[in-house]
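1. sequence first, predicted coordinates after that:
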Amino acid sequence: MKSYHADEHGYYGDFGGAYIPEMLYPNVEELRTQYLKIMNEPSFKEEFEQLLKDYVGRPTPLYYAARLSEKYNTKVYLKREDLNHTGAHKVNNTIGQILMAKKLGKNRIIAETGAGQHGVATATVCALMGIECIVYMGEIDIKRQAPNVARMKMLGATVIPATSGSKTLKDATNEAIRDWINNPVDTHYIIGSVVGPHPYPDMVAKFQSIISEEIKWQLLEKEGKENPDYVIACVGGGSNAAGAFYHYLDQSEVGIIAVEAAGKGIDTGESAATSALGKEGIIHGSKTLLMQTTDGQITEPYSISAGLDYPGVGPLHAHLFKSGRADFVSITDADAMAAGLELCKLEGIIPAIESSHALAIFDKKQFKSDDIVVINLSGRGDKDLNTYIEYFNL
Amino acid sequence: MMNRIQQKLQEDKKILSIYFTAGYPAINDTAQIIQDLEKNGVDMIEIGLPFSDPLADGPTIQASSTQALQNGMTTQLLFEQLKDIRKTVQIPLIIMGYFNPMMQYGIDAFCKKCAEVGIDGLIIPDLPVKEYHLHYQQIFEKYGLINTFLITPQTSDERIRFIDSISDGFIYMVSSASTTGAQNSFGDVQTTYFNRIKAMELKAPQIVGFGISNAATFNQATATTKGAIIGSAFVKHLTNEGIKGIGEFIQTIR
């Protein structure tokens, strides 16, 4: 049977692999040879599941959104990742990776962050385990996301500004990789999305796959079947989408819809819709689709949502796009903001602006009245309050 | 036919190789820098193809790459600047760059162009040995280009043996677990590493890079190896002095 999961070399069709400098080879090779073995150890599984339950607050509800369903004349379920500790799905991965780091005997953690959500989730698990934490964050993002910088500091992390290049997420990722090159023995790099060299995309997807694992049994309880007609998630790097799609990738009867950020519009030059605007290339150690000049220089994306503001996309998603397994839809800032506000009014839930992009799918696609549509509500909107205030003049 | 790099490696002398970023400090300095380096007794030159996201580089080369791109440097422009370079210089020329810009140019087209303008080899830090071996080696060889692989103090003996077996030129010995950047001296870790590699009696000569900045580090690095590469320290010289005084800089090394 055709599979959409990574092969043994870390390739999803044409995408993936490990395009890394030799200096990183021992680190990445150690992880590659160990990650599946460690993840399958009973003691690892037990601790991971225990922490997800008692610390993160899983399982997160699968909520039937009655008023939203009525308005769009279809059956809408929201997977409430916004109710996780720290406010988003990101913590599923950081819990998994901190346990991985402990098993590998590492005593220093580095991470990159854009908006600060992954940085906060990493600082949180480092505090939990009493491990040193260094977070790289673009100088520009540090100014834009002051509350998350404060959170990381309160949690004991050191936040180092990335001052190279465009001073945003891609540069923070470069700086984290450079740190790893300079600290090859004691340090584990907790990547925040399904990006980077193999085995990261597969490992992060596996940690996030708890999302679709829960959707399956929750839907069975509520609808008497495991499979929805559609599962929908926003994609920046693509970790929440990877988790929501994971157990449905090889179930061809389940429609998969990936929602990217169009920014001000695909053709405006201010967009982050990688599937529409990207070409095949190498970014952060992975062969995938990325936004770049004709000369192969990586360009700076734009979205109102900092979490979708990444010039590449995980190799899994590049493959889902190229193979046609998933439909890729792009949503503008304006449509996302409107959809976010609509969820507030209809369901009493303030979503993260990333998740609002997925919620805007109803502008683009008409579902049948008996379709079961699961939308991954990847995060809550507290962190975006300033953006909402400015945008709507609240 | 023997490649210029292979010929140079056979000479009975220590190799001094210099790296600079194409398009820096000014867009059209490329040919002049190459000519001045050859005139002043440098043995080999690495021409840096600037990239927006140079993962393996420290602040000095990052900044030069950013500036070179702002100056308008492109792959195509570099080839135009090098079009007549073989009319004036004999020195082995290597392009060092990241893989993405080469992919966008087209690997076959890129290698073909390299051969046309007289480039002898490539150093691509983020093209892994295995990927090269499986997918690109035939293309490189078709155009007579020598690819160079890196080893570090963390590289296992087994892997070093494999890299040695597929190296037609030299092995690029990264001096320490670090990104590029100048250091004033090497410590015990480097001495142990240099001695370990020497004892392995590899087929391919080794040239040390990363952290070579002056006569002291050059002599230390070349005591047990064939040569050394100076990058960041030379780029810093270009930042401070421009392209004047390249001869004086080289004289401080040897």
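-> Okay, I see it. Keep in mind that this is a model prediction, so the values were computed, not measured.

2. list the contacts for the nearest residue to A:Y310 once chain neighbours are set aside?
-> In space, A:Y310 comes closest to A:G236 once its chain neighbours are excluded; the distance is 4.8 Å by Cβ to Cβ, 6 or more residues apart in numbering or on different chains. Bear in mind the C-beta positions are built from the backbone N, C-alpha and C, glycine included. The contact partners of A:G236, by Cβ atoms under 8 Å, 6 or more residues apart in numbering or on different chains, come to A:193, A:261, A:272, A:303, A:305, A:307-310, A:313, A:354.

3. do a quick rundown of the helices in chain B.
-> Listed in chain order, the helices of chain B (DSSP state H) span B:4-10, B:30-39, B:59-71, B:75-81, B:99-105, B:107-117, B:129-131, B:137-142, B:157-165, B:188-199, B:215-222, B:232-241, B:246-253.

4. can you put these in TSV and add mean neighbour count, mean pLDDT and distance to A:D370?
-> Listed next are these as TSV, based on neighbours: other Cβ atoms under 10 Å in any protein chain shown; pLDDT from 0 to 100; distance: least, Cβ to Cβ, whole Å:
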stretch	mean neighbour count	mean pLDDT	distance to A:D370
helix B:4-10	17	97	69
helix B:30-39	18	98	66
helix B:59-71	21	96	54
helix B:75-81	18	98	55
helix B:99-105	22	98	46
helix B:107-117	17	98	51
helix B:129-131	16	90	48
helix B:137-142	14	96	54
helix B:157-165	14	97	58
helix B:188-199	15	94	67
helix B:215-222	19	95	72
helix B:232-241	20	97	65
helix B:246-253	17	96	76
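
5. make a markdown table out of the ones you listed and add distance to A:N174.
-> Shown next, in a markdown table, are those (distance: least, Cβ to Cβ, whole Å):
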| stretch | distance to A:N174 |
| --- | --- |
| helix B:4-10 | 30 |
| helix B:30-39 | 25 |
| helix B:59-71 | 9 |
| helix B:75-81 | 21 |
| helix B:99-105 | 13 |
| helix B:107-117 | 23 |
| helix B:129-131 | 20 |
| helix B:137-142 | 27 |
| helix B:157-165 | 25 |
| helix B:188-199 | 25 |
| helix B:215-222 | 26 |
| helix B:232-241 | 17 |
| helix B:246-253 | 29 |
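
6. including distance to chain A, could the ones you listed go into a markdown table?
-> Listed next are those as a markdown table, based on distance: least, Cβ to the nearest Cβ, whole Å:
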| stretch | distance to chain A |
| --- | --- |
| helix B:4-10 | 19 |
| helix B:30-39 | 16 |
| helix B:59-71 | 5 |
| helix B:75-81 | 6 |
| helix B:99-105 | 3 |
| helix B:107-117 | 10 |
| helix B:129-131 | 7 |
| helix B:137-142 | 16 |
| helix B:157-165 | 8 |
| helix B:188-199 | 11 |
| helix B:215-222 | 17 |
| helix B:232-241 | 14 |
| helix B:246-253 | 24 |
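
7. that's a strand at A:A233, yeah?
-> Yes: A:A233: assigned to a strand according to DSSP: H, G, I helix; E, B strand; the rest coil.

8. what's the spacing between it and A:A244?
-> Distance, A:A233 to A:A244, by Cβ to Cβ, to the nearest Å: 4 Å.

9. compare neighbour counts for the two and give me the winner.
-> Neighbour count, other Cβ atoms under 10 Å in any protein chain shown: between A:A233 and A:A244, A:A233 has more, with 32 against 29.

10. so B:S185 makes contact with B:A216?
-> Yes: assessed by Cβ atoms under 8 Å, B:S185 is found in contact with B:A216 at 6.1 Å.

11. check contacts around A:E280.
-> Neighbour list for A:E280: A:14-15, A:287-289, A:318, B:103 [criterion: Cβ under 8 Å, 6+ apart].

12. ok, the contacts of A:G236 vs chain B, which is closest?
-> Chain B has its nearest neighbour among the contacts of A:G236 in A:Y310, at 12.6 Å by Cβ to the nearest Cβ.

13. just give the nearest non-adjacent residue to A:N107, would you?
-> With Cβ to Cβ, 6+ apart, the residue lying closest to A:N107 is A:D186, at 5.5 Å.

14. whoops, B:I27 was the one
-> Computed as Cβ to Cβ, 6+ apart, the closest residue to B:I27 that is not its neighbour in sequence is B:N71, at 4.2 Å.

15. do I have it right that the one you found meets B:G23?
-> Yes: with contacts counted by Cβ under 8 Å, B:N71 reaches B:G23, the gap being 5.0 Å.

16. roughly how far apart are A:K364 and chain B?
-> 31 Å (Cβ to the nearest Cβ, to the nearest Å).

17. for the contacts of A:G236, give me CSV that also has neighbour count.
-> Shown next, in CSV, are these (neighbours: other Cβ atoms under 10 Å in any protein chain shown):
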residue, neighbour count
A:S193, 31
A:A261, 28
A:A272, 27
A:S303, 26
A:S305, 27
A:G307, 32
A:L308, 29
A:D309, 22
A:Y310, 29
A:V313, 33
A:E354, 33
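
18. ok, so of those, who is nearest B:F110?
-> The shortest approach to B:F110 among the contacts of A:G236 belongs to A:V313, at 25.0 Å (Cβ to Cβ).

19. surely the closest one is in contact with A:L277?
-> No: A:V313 is beyond contact range of A:L277, at 10.6 Å (criterion: Cβ under 8 Å).

20. got a list of what the most centrally placed residue in chain A touches?
-> Chain A has A:S239 as the residue nearest its centroid, 2.8 Å off, counting by Cα atoms, centre = their mean. For A:S239, the contact set (Cβ under 8 Å, 6+ apart) comprises A:89-90, A:93, A:192-194, A:204-205, A:208, A:314.

21. now with 10 Å?
-> For A:S239, the contacting residues are A:88-90, A:92-93, A:118, A:191-195, A:201, A:204-205, A:207-208, A:211, A:233, A:307, A:314, A:316, A:378, by Cβ atoms under 10 Å, 6 or more residues apart in numbering or on different chains.

22. can you tell me the SS state at the residue nearest to it when sequence neighbours are not counted?
-> Excluding its sequence neighbours, the residue lying closest to A:S239 (Cβ to Cβ, 6+ apart) is A:S193, at 4.3 Å. On the three-state scheme (three-state DSSP), A:S193 is labelled coil.

23. show the backbone phi and psi for A:S193.
-> Here is the backbone geometry of A:S193 (degrees, to the nearest 10): phi -140, psi -180.

24. show the pLDDT at it.
-> If you check A:S193, the pLDDT there is 97.

25. again, but for A:D202
-> In this model, A:D202 carries a pLDDT of 98.

26. what's the answer for B:T180, then?
-> 87.
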